[in-house]
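> My questions concern the predicted model and sequence given below.
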Amino acid sequence: MELYLDDAGLTIYKALASETRLDILNHLASAPATSSELAHALGLSKAILSRHIKILEDARLIHKSLTFESPDGRKKVYTLKVDQIQIHFPQKIYLPFKKKTSEIRLGFFSDFAVTPTCGLASTQSIIGDVDDPRSFVLNERIEASLLWFSEGYIEYKIPNLLNETEKPELMDLSLELSSEFPVSNNNWPSDITFFINDIDVGTWTCPGNFSDVRGKFTPSWWDSSYSQYGLLKHLRINDKDCGIDGHKLSDIRLDDLHLADSPFIRLKIGIKKDAENSGGLTIFGAGFGNHDQNILLSLYYSQ
């Protein structure tokens, strides 16, 4: 689940602002439980527990279901409804530099090697056939707004917009990602590696392939049980190191990429053959997921 700093997330923020409700969520993280089990474990009266349970249900953080496994007949069992919440703060970089940005549509890749499960989709329909790598060479691939594969990589050739008098200071790669699992699996980690100009700049572990709620921009024809959205990530490389969303990935610096040596920048994203978490890759473009954008590569520069 993704939250923003607006009124839509206020119910969830309020639900989390309680030690008792956090205790309930932590208990349910271990195993589903009935209200009686929760009350006993947390030392609460049923009346007090009931008020906290309602707040968590209204915030869509827990789910109530009925089971017939008890000798007394059916009983209400509570389980967690989400396994991750990401809060998006307004992301702006205030730097004394100018910026040039290239937008890369998902289908405009220059090379690929993919293994099923795999496929592409436009905002209107599936492109070619699902789980057939030949779909990745169809002319219609340029319309892709969703792309996924279990193993392999996808590579893009991007124009280097800087001229000889412009010195690169920061590279920012922005895209919406998740892992890949047949249908979907919210808990399915994948080690996703980024290469720029054939340099391994770092690996980020994506926690899952998400379908707990529908993506904000995911088309209505796309089944709700399939991947709905990813996580918007910012890979940034400067003169010191490479990081993703403020967390260091490697010691790779801008100078290591030799940007001045070519009018193009090669971006490859994939899963290494020896990855510990080989959970595939899904990329969301404009018209899918929670962020209405394609892949964006920005170069901040000085003169």
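That came in fine, so what should we check first?
> Can you tell me the centre-most residue of the protein?
The residue lying closest to the centre of the chain (Cα atoms, centre = their mean) is residue 231, at 2.3 Å.
> Contacts only, for it.
2, 86, 176, 177, 178, 206 (Cβ atoms under 8 Å, 6 or more residues apart in numbering). C-beta here means a position set from N, CA and C on the backbone, and glycine is covered the same way.
> Go again with 10 Å.
The neighbours of residue 231, taking Cβ atoms under 10 Å, 6 or more residues apart in numbering as the test, are 2, 84, 86, 88, 175-178, 204, 206-208, 210, 245, 284, 289-291.
> and if you look at residue 291?
Residue 291 touches 2, 88, 174-176, 215-217, 229-232, 284-285, counting by Cβ under 10 Å, 6+ apart.
> next one: residue 258
By Cβ under 10 Å, 6+ apart, the contact set of residue 258 is 196, 197, 198, 199.
> let's see 8 Å
Residue 258 makes contact with residue 197, according to Cβ under 8 Å, 6+ apart.
> what's the answer for the one 10 residues further on, then?
Residue 268 makes contact with 111, 153, 154, 155, 156, 194, 195, 196, 198, according to Cβ under 8 Å, 6+ apart.
> out of those, who's nearest residue 221?
residue 154 (23.9 Å; Cβ to Cβ).
> Verify the stated contact: that closest one with residue 283.
Yes - counting by Cβ atoms under 8 Å, residue 154 touches residue 283, with 7.4 Å between them.
> anything in contact with each of these two?
Joint contacts of residue 154 and residue 283 (Cβ under 8 Å, 6+ apart) are 147, 269.
> More neighbours: which of those two?
Comparing residue 154 with residue 283 by other Cβ atoms under 10 Å, the one with more neighbours is residue 283, at 26 against 21.
> So which elements touch the one helix or strand the more buried one maps to?
Per DSSP states H and E, residue 283 falls inside strand 281-284. When contacts are defined as 3 or more Cβ pairs under 8 Å, 6 or more residues apart in numbering; DSSP states H and E, strand 281-284 packs onto strand 146-159, strand 167-178, strand 264-271.
> Just the buried positions in the first one, please.
Put plainly, it is strand 146-159. By 16 or more other Cβ atoms under 10 Å, the buried positions in strand 146-159 come out as 146, 147, 148, 149, 150, 151, 152, 153, 154, 155, 156, 158.
> Partner strands of it, with direction?
The pairing partners recorded for strand 146-159 under DSSP bridges are strand 111-121 (antiparallel), strand 264-271 (antiparallel), strand 281-284 (antiparallel).
> What's the first helix or strand after the shortest one?
Taking DSSP H and E as the definition, the helix or strand that follows strand 281-284 towards the C-terminus is strand 295-302.
> give me every residue that touches the nearest residue to residue 264 once chain neighbours are set aside.
With sequence-adjacent residues excluded and distances taken as Cβ to Cβ, 6 or more residues apart in numbering, residue 264 is closest to residue 157, at 5.3 Å. Neighbour list for residue 157: 110, 264, 265, 266 [criterion: Cβ under 8 Å, 6+ apart].
> mind running it again at 6 Å?
For residue 157, the contact set (Cβ atoms under 6 Å, 6 or more residues apart in numbering) comprises 110, 264, 266.
> Who wins on neighbours among the residues you listed?
Tallying neighbours with other Cβ under 10 Å puts residue 266 at the head of those, with 17 neighbours.
> So the residue nearest to residue 184 when sequence neighbours are not counted versus residue 77, what's the distance?
Excluding its sequence neighbours, the residue lying closest to residue 184 (Cβ to Cβ, 6+ apart) is residue 211, at 3.7 Å. In this view, residue 211 and residue 77 are 22 Å apart by Cβ to Cβ, to the nearest Å.
> again with residue 97
In this view, residue 97 and residue 77 are 55 Å apart by Cβ to Cβ.
> how about low-confidence regions in the protein?
Residue ranges of the chain with pLDDT under 70: 1-8, 67-74, 88-95.
> now the helices for it?
10-16, 19-30, 35-42, 46-58 (DSSP state H).
> can you give me how far the first one is from the chain middle?
In other words, helix 10-16. Distance of helix 10-16 from the chain centroid (Cα atoms, centre = their mean, to the nearest Å) equals 22 Å.
> That concludes my questions; thank you for your assistance.
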